[in-house]
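Student: Structure of the sequence below:
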Amino acid sequence: MKNWILWTIVGIGLFLRLWGIAYGLPGSFIPDESLIANKAAAMGTGDLNPHFFGYPTFFMYLTALSYGLLFAVLKFIGLITSIPDFKTVFFAQPSAFYLIPRVISVMFGTALIWVTYEIGRNIYSKRAGLLAALLLSLCPLSVTTSKFDFINTPQTFWIALSMYFLCLLYDAVPEKSPKYYILAGAALGLGISTKYSAVYAVPAFLFVHFAKFKSGIFRQPKLTAGPVSAVLATLMAFFITSPYFFLDFNTFTLYFNIAAPRLTSSLFDVPQIKLVISSTVEKLWHGTGPALMFLSLSGMALAAFRRNAKEGILLVFAASYLFLFILRISFPHVPQRYLDPLPFIMCLFSAGFIRTVYAKFGKRFFTTTLGILVAAMIMFNISGIIRDSVLLCRQDTRLAAKAWIESNIPGESKIAVYGMSYYYPPIHESRKLMKTKLDFVNTLGAMRNGNFSDIFAGPRSYAMKLEQPAQQPGYCVYDVSDKLEDIEIPKLWMIKSSQKPAGLKSMGIRYVAILSHPVKPMTGAGASFENDLRRTARLEAEFEPLKPGAAASGDALKYDLDANLQPISGHALLKNRGPRIRIYRL
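Tutor: Predicted coordinates for the structure are as follows:
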């Protein structure tokens, strides 16, 4: 089979993953994206300790390295002359600092297509490998997560590469087995160093070892060198790329103790496990398409029946990932990006099933029907990718609201905002507000013996912002909340939603922004708060993401986590991405 077919498939996948990659710039509306970018940028000061262990650091280091190359290029062409200049660019014009890691993620997502081909070629045939690669290149879930999801897509690449080396290990003669143990272990270590949940691939290692050496490691001690070398390679790869897991173990254990209750929140919680399962099925249904789900399940059933050991590698990983994932997931409704390791497995089993059917039935009616099904699936997926990418190229409602605010509201004005923090228009905070927040974190951190782990931001972030030239206009933003935190000292910029408009006005607040979900109606305190505004304030501007008349069809529009506002169905009802934003003048 000519290589041009594979490179064409890879090229199509690359194009689709780059389409709309500039969404939201110069800021970011993607959960955790700004966190990783900020941590990577902070490493440019010479402190390689992230002081954060919610995620491992491998991707942060890759991003920091890319920022270093950007610094060298900008300095070479004369746009900057020093690190302080580079910091100013980061705060004033951050587009490149989000775009670069997005491109890195796209490269991992595109490389995953090639690895999927290699696995399919090794287990089935070249044609099956090409078909699996084609299905993955056109899989909406894989396309979307590759664009913006900094850690799940790279993690999936390393898992897939580890699976590929395990396939080679199974075929290898005993003399060459240690090499593939080491390669598979190193790939797994890099995966775990990208995201901890890559550890779910460990059962696949055990499966290959016992499948290859059926008598087991305990009966043949000379064969223990392979598993030991795999473990050492995994630990070494993890240590090199996430060293502060060991060097700053006390901080890691602090984060682990905070996260531990969430990690086991679903254990023995049958209602929540049912919600997780139904949410997983729904997200895969929309993210991969019903045809791919049907074909992949058929391929899995066929693989379990014929007991091919290399297909067993994929089966064991898929089963262990889903089982452990469902038990420890802390969200009753699964974030779609968490399912990113599954599409390449589904595409491989789908290709294997189609190959088997074709080999058995040739060009008979059943094969023709199957071909029509695959063609329909590809067209369904392509149409979904196009609709989503077109939306990504349009202005988000938050950016539209930001432009309106900066054009119509004077700098240093006080603005009250009600809604999720991810819904906020990315307006600049006034220096007075930043100083207030810096004093807050310093004071509360001192009261907690220097522990900033459960404070919304450490002092370094605001101190660095205050070092920069003032960005105009800046606004004093008051966060309106249904419930205020009960902590040692109050957050002076927080207001309870029970506050009446007259009370807001007496504080010098003249504008109020209400940020709401495009489909879900506001209820409770939020609805009461906006009703008071409707009676006593004037609506100055509204930014609506839905097309005219689409609200009545809102049930067809489904989103991923509310924080992301990523549509997974009903794209045709949207004219823009983002929340519904209404701005009132008191």
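Student: tell me the SS of V417?
Tutor: Secondary structure assignment for V417 (DSSP: H, G, I helix; E, B strand; the rest coil): strand.
Student: From L16, how far out is it?
Tutor: V417 sits 35 Å away from L16, going by Cβ to Cβ, to the nearest Å. No exception for glycine: its C-beta is placed from N, CA and C like everyone else's.
Student: Between the two, tell me which one has more neighbours.
Tutor: Taking neighbours as other Cβ atoms under 10 Å, V417 and L16 compare with L16 leading, 27 against 23.
Student: Helix or strand: which one has that one?
Tutor: helix 3-18 (DSSP states H and E).
Student: what's that helix packed up against?
Tutor: helix 95-123, helix 126-137, helix 140-148 (3 or more Cβ pairs under 8 Å, 6 or more residues apart in numbering; DSSP states H and E).
Student: among the ones you listed, which is nearest Y424?
Tutor: Nearest to Y424 among the helices and strands packed on helix 3-18 is helix 95-123 (16.6 Å), distances taken as Cβ to Cβ.
Student: Buried residues, that closest one. List them.
Tutor: Residues 97-98, 100-102, 104-123 are the ones in helix 95-123 that count as buried (16 or more other Cβ atoms under 10 Å).
Student: before we move on, what about stretch 167-176?
Tutor: C167, L168, L169, Y170, A172.
Student: Next, work out how far apart the fourth one and K176 are.
Tutor: Put plainly, it is Y170. 12 Å.
Student: got the domain boundaries for the chain?
Tutor: According to automatic domain parsing, the chain comprises the domains 3-62+98-392, 397-427+473-585.
Student: Highest mean neighbour count out of those?
Tutor: domain 3-62+98-392 (a mean of 19; mean count of other Cβ atoms under 10 Å).
Student: Pull the distance from it to the chain's centre.
Tutor: Centroid separation for domain 3-62+98-392 versus its chain: 13 Å, with Cα atoms, centre = their mean, to the nearest Å.
Student: distance between the ends of that domain?
Tutor: 32 Å (Cα to Cα, to the nearest Å).
Student: what's around E429, how many residues?
Tutor: E429, neighbours per other Cβ under 10 Å, totals 18.
Student: how far does stretch 387-406 stretch from start to finish?
Tutor: 30 Å.
Student: my bad, should have said stretch 567-581
Tutor: Start-to-end, stretch 567-581 (Cα to Cα) is 17 Å.
Student: Give me the phi and psi for the closest residue to E544 other than its chain neighbours.
Tutor: The shortest distance from E544 to any non-neighbouring residue, by Cβ to Cβ, 6 or more residues apart in numbering, is to R580 (5.8 Å). Per-residue torsions, R580: phi -80, psi 130 (degrees, to the nearest 10).
Student: just checking, R580 touches F543?
Tutor: Yes. Look at R580 against F543 with Cβ atoms under 8 Å: they come within range, at 7.1 Å.
Student: Common neighbours of those two, please.
Tutor: Common neighbours of R580 and F543, using Cβ atoms under 8 Å, 6 or more residues apart in numbering, are T397.
Student: Show me what the helix or strand hosting F207 is packed against.
Tutor: F207 is part of helix 202-212, with elements assigned from DSSP H and E. Applying 3+ Cβ pairs under 8 Å, 6+ apart, one finds that helix 202-212 makes contact with helix 152-171, helix 177-194, helix 225-241, helix 309-328.
Student: need these in JSON lines with distance to S498, can you?
Tutor: JSON lines is the format used below for these (distance: least, Cβ to Cβ, whole Å):
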{"stretch": "helix 152-171", "distance to S498": "39"}
{"stretch": "helix 177-194", "distance to S498": "44"}
{"stretch": "helix 225-241", "distance to S498": "49"}
{"stretch": "helix 309-328", "distance to S498": "37"}
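Student: Where does V512 sit: helix, strand or coil?
Tutor: Criterion first, three-state DSSP; result for V512: strand.
Student: Repeat that for the one 10 residues further on.
Tutor: Each residue gets one of three states, and M522 gets coil by three-state DSSP.
Student: Tell me the bridge partners for the spatially closest residue to it that is not a sequence neighbour.
Tutor: Closest residue to M522 apart from its sequence neighbours, by Cβ to Cβ, 6+ apart: S516 at 5.2 Å. With DSSP bridges as the criterion, S516 is bridged to R580.
Student: what does the model give the closest residue to A198 other than its chain neighbours for pLDDT?
Tutor: Once flanking residues are discounted, A198 sits nearest to G191: 3.4 Å by Cβ to Cβ, 6+ apart. Looking at G191, its pLDDT reads 94.
Student: go on, F256?
Tutor: Per-residue pLDDT puts F256 at 64.
Student: do the one 5 residues further on as well
Tutor: For P261, the pLDDT comes out at 55.
Student: now swap in L18 and tell me
Tutor: 94.
Student: quick one, what contacts it?
Tutor: Contacts of L18 by Cβ under 8 Å, 6+ apart are V103, V106, K147.
Student: What of S105?
Tutor: Going by Cβ under 8 Å, 6+ apart, S105 touches S146, K147, F148, D149, F150, T153, P154.
Student: pLDDT wise, what is the residue lying closest to the fifth one once chain neighbours are set aside at?
Tutor: What it means is F150. Distance criterion Cβ to Cβ, 6+ apart; nearest residue to F150, sequence neighbours excluded, is I36 at 5.1 Å. Per-residue confidence (pLDDT) for I36: 86.
Student: Hmm, I36 is touching I151, no?
Tutor: Yes. Judged on Cβ under 8 Å, I36 makes contact with I151 at a distance of 7.4 Å.
Student: joint contacts of these two?
Tutor: The contact sets of I36 and I151 overlap at Y55, F59 (Cβ under 8 Å, 6+ apart).
Student: related to what we said a few turns ago, for the helices and strands packed on helix 3-18, which one sits closest to Y478?
Tutor: Comparing these against Y478 with Cβ to Cβ, the closest turns out to be helix 95-123 (27.1 Å).
Student: now the closest one, how far from the centre of its chain.
Tutor: Mean-position distance between helix 95-123 and its chain equals 14 Å (Cα atoms, centre = their mean).
Student: Quick one: low-confidence residue ranges for the stretch 251-400 of the chain.
Tutor: Flagging of the stretch 251-400 of the chain using pLDDT under 70 yields the residue ranges 254-270, 328-332, 362-367, 369-370.
Student: which residue ranges form the helices in it?
Tutor: Per DSSP state H, counting those that start in this stretch, the stretch 251-400 of the chain carries helices over the ranges 270-288, 290-306, 309-328, 343-361, 365-392, 397-408.
Student: between these, which one is nearest to C139?
Tutor: It's helix 343-361; of the helices of the stretch 251-400 of the chain, that one is closest to C139 (Cβ to Cβ) at 4.8 Å.
Student: just the CA coordinates of the closest one, formatted as PDB?
Tutor: Once non-C-alpha atoms are left out, helix 343-361 reads as follows in PDB (Å, rounded to 0.1, in the frame of the first residue of the first chain):
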ATOM      1  CA  PRO A 343     -11.600   6.800  20.300                       C
ATOM      2  CA  PHE A 344      -8.400   5.300  18.900                       C
ATOM      3  CA  ILE A 345      -9.300   1.900  20.500                       C
ATOM      4  CA  MET A 346     -12.800   2.200  19.000                       C
ATOM      5  CA  CYS A 347     -11.400   3.000  15.600                       C
ATOM      6  CA  LEU A 348      -9.100   0.000  15.700                       C
ATOM      7  CA  PHE A 349     -11.800  -2.500  16.700                       C
ATOM      8  CA  SER A 350     -14.100  -1.000  14.000                       C
ATOM      9  CA  ALA A 351     -11.400  -1.500  11.400                       C
ATOM     10  CA  GLY A 352     -10.800  -5.100  12.600                       C
ATOM     11  CA  PHE A 353     -14.500  -5.900  12.400                       C
ATOM     12  CA  ILE A 354     -14.900  -4.500   8.900                       C
ATOM     13  CA  ARG A 355     -11.800  -6.400   7.800                       C
ATOM     14  CA  THR A 356     -13.200  -9.700   9.200                       C
ATOM     15  CA  VAL A 357     -16.600  -9.100   7.500                       C
ATOM     16  CA  TYR A 358     -14.900  -8.300   4.200                       C
ATOM     17  CA  ALA A 359     -12.700 -11.400   4.400                       C
ATOM     18  CA  LYS A 360     -15.700 -13.700   5.100                       C
ATOM     19  CA  PHE A 361     -18.300 -12.200   2.800                       C
END
